[in-house]
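>>> A predicted structure for the sequence below; I have some questions about it.
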Amino acid sequence: MPLLEKGHVIADRWQIVTDDAAIPENGPVLVPAPRLSEALGRASKDEVGVILTPDMEVATLRPAIDRLSLIALTFPVFRDGRGFSQARALREHLHFKGDIRATGHILPDQYDMLLRCGVTTVSIADDVDITFWQKAMDRYTVASQPSILDEKSEGHGLRRFMK
Amino acid sequence: MPTDTALQTPLAVGRYNYDSVDRTFLRERIEEFSDQVARRMSGALTEEEFKPLRLMNGLYLQLHAYMLRIAVPYGTLDARQVRVLARIAREYDRDYGHFTTRQNMQFNWIRLEDTPAILALLAEADMHALQTSGNCIRNITSDEFAGAAADELLDPRVHAEILRQWSTRHPEFTFLPRKFKIAISGSPQDRVVARFHDIGLIAKPGEHGRPVFEVWVGGGLGRTPIVGVRLRDDLPEEDLVAYLEAVLRVYNEYGRRDNIYKARIKILVQALGAEGFLEKVNAEFATMDRTKYRLEPEIVAGIRARFADPDFETLENDPPEFRQARISNPAFDEWVRTNTHPHRIPGYISAVVSCKPAGGIPGDVTSDQIDTLADLSERYSFGELRVSHFQNAVLAHVRQDKLHDLWTALQQADLATANAGFLTDIIACPGLDYCALANARSIPIAQKISSRFANPKLQQEIGELRLNISGCINACGHHHVAHIGILGVDKRGEEAFQITLGGSGEEDASVGQILGPAMSEDHTVDAVARLVDLYLTRREPEERFLDTYRRLGTAVFKEVVYAAA
Ligand code: SF4
């Protein structure tokens, strides 16, 4: 599936491990949360990412956070907004500096909000029109609440410019 | 920073005044919605995907047509905005609009293809329909006498505006488990139903002159009516945004998403218990980066600077013209007694414009009446009009010596019914005439009750009596918090009505108790008459219906309704 970063398609260098498939010995791997310690125990010490489901507490990743390069959030349906809070908590509470990837059912209309909550990449379906996503990313020049992106305040009230 | 702020001069009274940055945002938001409509048309968005997006733009699909709900932040409008509403009613609806219990105005007969033109009209007057629906933070409501009431400790509208801005397209809280309603009051007299909101805030002056807030969380109506719990008594102003972030984070994370009837924050608060919920909020509040969310005094001052104060004159209370008019005109005197509220400035008074004429549809106003309200607001209230959650209009700053003139003009527009707070000041939801979820029609029974008790003498005799009607258990008509509540139910395929007694949405908050089995529309109207008769015979001096009910208990009221049936 294509991966979107800052409005552009990039190559996905991660090998995604589904439920009980074997974890490759080398290279960056993205694994389900229950298999995190197994992945971290690889001899190669290559990069590890973890898939978080919406019902999981972000805090459970705290012990491993420094060893993670990628955290993938799951949106079972676009209306389920738990991932927004998870992303923000990863940045704000766990000070996670790596890639946060949004996966699942996501609309372009949510793109700038995801970015403002700390998401960096979005996994999108093969057939989507990228221009919708680019438009959504560029549409708003003003917002009126603090966000993970730390947009500078405009000097009046709560407003800040996003560009 | 743009040099051309494009503020209107003079600034409109009573609400936040937009500049070019605010207008830019609004334009971007309208473009987004137009795009969404186009993507729905092209099939890029499925109907299931489009629906929540259209709802967040205030566009509902009702039984017979689209409904567009226009946001009226904290219920305050200026005359220019009011005229835009009149124009929409005239050109795009069936010549009327409807004031809602969330201080908004909704139009029930909108054509989808007209919405872009309507949104453009609204935007010209710095208005929109944003977040009047959908599972997001809704329009912030406030006291209809804010900034005017003699009993107010603090004008809550600046903070209402701060919360409006903060919640607009909030990146984290736009896809919540369910809708989220916030009300804010600055008076110990709770006129905003704070205890029945997802979050109810009561602002009061703190020790160093800066406001502090009581924070009530988890109240609500619907099928599980619950009085909220007080999480904080003295939240400092600088932490207002941070604390609300914390509450919303806990809700967004833990609120149920498997069952829409259990998805409101009240269910979560009940499930965790007040203590458990508070613990989670406190944990979040303690660990979050509070400096980032701190509401600095300069931010508050900046927003306050966008509010113009009315240019009050130095006047005496109770001037001779006013006294004389009351003596020589009993009908005027009666209206003054029921439909006004004391003002904090000597010589001024707040007037409630009843949108509940005898036999009328609660909250409906014609386009001509809306235009009249705009004119009268300019002539008598510094160009400012408010919408109350009782579905009435309010002119908040009227000179007492001009009140008789205002009343005369209101009479000519059929807007001078002297019934604020009386039995015929009914709150009613749209019911089965419009709403796809309804069990029964709310409007016809409201009209019957309104006609039956139309006699002003009788209403004065009865005194304060709140009667609210909902067409189904979703309780949009707030029947749970009425002294007499009426709930539409489905009785073997027939429309029927259940009565609840003893609710209150004020400081003495309580949920009405079901009286007995549901009845037909006409029997329900008769039952209301019997309840009122019982009250009139059994009341003690100074007792309202609610007090008598609380003193006597349900049994006698039940008997008088069902024994005779
Ligand atoms: S209470 Fe029921 S019938 Fe009335 S507006 Fe709400 S959902 Fe519709």
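Noted; the coordinates are in hand.

>>> Kindly list the longest strand within chain A.
strand A:68-75 (DSSP state E).

>>> partners of that strand, with directions?
strand A:48-52 (parallel), strand A:99-104 (parallel) (DSSP bridges).

>>> Out of those, flag the one nearest the ligand.
strand A:99-104 (30.8 Å; Cβ to the nearest ligand atom). Using the backbone N, CA and C atoms, a C-beta is placed for each residue, glycine as well.

>>> average pLDDT for that closest one?
Across strand A:99-104, pLDDT averages out at 98.

>>> Downstream of it, the next helix or strand is which one?
helix A:111-116 (DSSP states H and E).

>>> Counting by contacts, list what that next one packs against.
Packing partners of helix A:111-116 (3 or more Cβ pairs under 8 Å, 6 or more residues apart in numbering or on different chains; DSSP states H and E): helix A:82-92, helix A:130-139.

>>> Can you tell me which of those is nearest to the ligand?
Using Cβ to the nearest ligand atom, those put helix A:82-92 closest to the ligand, at 26.6 Å.

>>> which residues sit against the longest strand of chain A?
Applying Cβ atoms under 8 Å, 6 or more residues apart in numbering or on different chains, the contact partners of strand A:68-75 are A:14, A:28, A:30, A:47-54, A:61, A:83, A:86-87, A:90, A:96, A:98-106, A:119, A:123.

>>> Could I get the contacting residues of the closest residue to chain B within chain A?
Nearest residue of chain A to chain B, counting by Cβ to the nearest Cβ: residue A:81, 2.9 Å away. Going by Cβ under 8 Å, 6+ apart, residue A:81 touches B:172-176, B:252.

>>> Can you tell me how far it is from the ligand?
For residue A:81, the distance to the ligand (Cβ to the nearest ligand atom, to the nearest Å) stands at 23 Å.

>>> gap between that residue and residue A:126?
25 Å (Cβ to Cβ, to the nearest Å).

>>> rewinding a little: for the strands paired with strand A:68-75, give me a markdown table that also has distance to residue B:42.
Listed next are these as a markdown table, based on distance: least, Cβ to Cβ, whole Å:
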| stretch | distance to residue B:42 |
| --- | --- |
| strand A:48-52 | 33 |
| strand A:99-104 | 23 |
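
>>> now stretch B:6-25: mean pLDDT?
According to the model, stretch B:6-25 has a mean pLDDT of 92.

>>> Return it as PDB; C-alpha atoms alone will do.
What follows is stretch B:6-25, C-alpha atoms only, in PDB (Å, rounded to 0.1, in the frame of the first residue of the first chain):
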ATOM      1  CA  ALA B   6     -10.900  44.300   8.600                       C
ATOM      2  CA  LEU B   7     -12.700  44.800  11.800                       C
ATOM      3  CA  GLN B   8     -16.100  46.300  11.400                       C
ATOM      4  CA  THR B   9     -16.600  49.700  13.000                       C
ATOM      5  CA  PRO B  10     -18.100  50.300  15.400                       C
ATOM      6  CA  LEU B  11     -17.600  46.800  16.800                       C
ATOM      7  CA  ALA B  12     -20.800  44.800  17.200                       C
ATOM      8  CA  VAL B  13     -21.900  44.600  20.800                       C
ATOM      9  CA  GLY B  14     -22.000  41.300  22.800                       C
ATOM     10  CA  ARG B  15     -20.100  39.000  20.600                       C
ATOM     11  CA  TYR B  16     -16.600  38.300  19.200                       C
ATOM     12  CA  ASN B  17     -15.900  40.500  16.200                       C
ATOM     13  CA  TYR B  18     -14.300  38.800  13.200                       C
ATOM     14  CA  ASP B  19     -11.200  40.100  11.500                       C
ATOM     15  CA  SER B  20      -9.700  39.000   8.200                       C
ATOM     16  CA  VAL B  21      -8.000  36.000   9.800                       C
ATOM     17  CA  ASP B  22     -11.300  34.700  11.100                       C
ATOM     18  CA  ARG B  23     -12.800  35.300   7.700                       C
ATOM     19  CA  THR B  24     -10.000  33.400   6.000                       C
ATOM     20  CA  PHE B  25     -10.700  30.400   8.200                       C
END
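
>>> Name the residues of that stretch that are buried.
If you call a residue buried by 16 or more other Cβ atoms under 10 Å in any protein chain shown, then stretch B:6-25 has these buried ones: B:11-19, B:21-22, B:24-25.

>>> Give the bridge partners for the nearest residue to residue A:52 once chain neighbours are set aside, please.
Sequence neighbours aside, residue A:73 is the residue nearest to residue A:52 in space, at 5.5 Å (criterion: Cβ to Cβ, 6 or more residues apart in numbering or on different chains). Counting by DSSP bridges, residue A:73 is bridged to residue A:52, residue A:102.

>>> Near chain A, which residues of the stretch 1-150 of chain B are found?
The stretch 1-150 of chain B comes close to chain A at residues B:1, B:19, B:21-22, B:24-25, B:28, B:31-32, B:35-36, B:39, B:44-45, B:49, B:52-53, B:135, as judged by Cβ under 8 Å from any Cβ of the partner chain.

>>> These in helices, which ones?
B:21-22, B:24-25, B:28, B:31-32, B:35-36, B:39, B:49, B:52-53 (DSSP state H).
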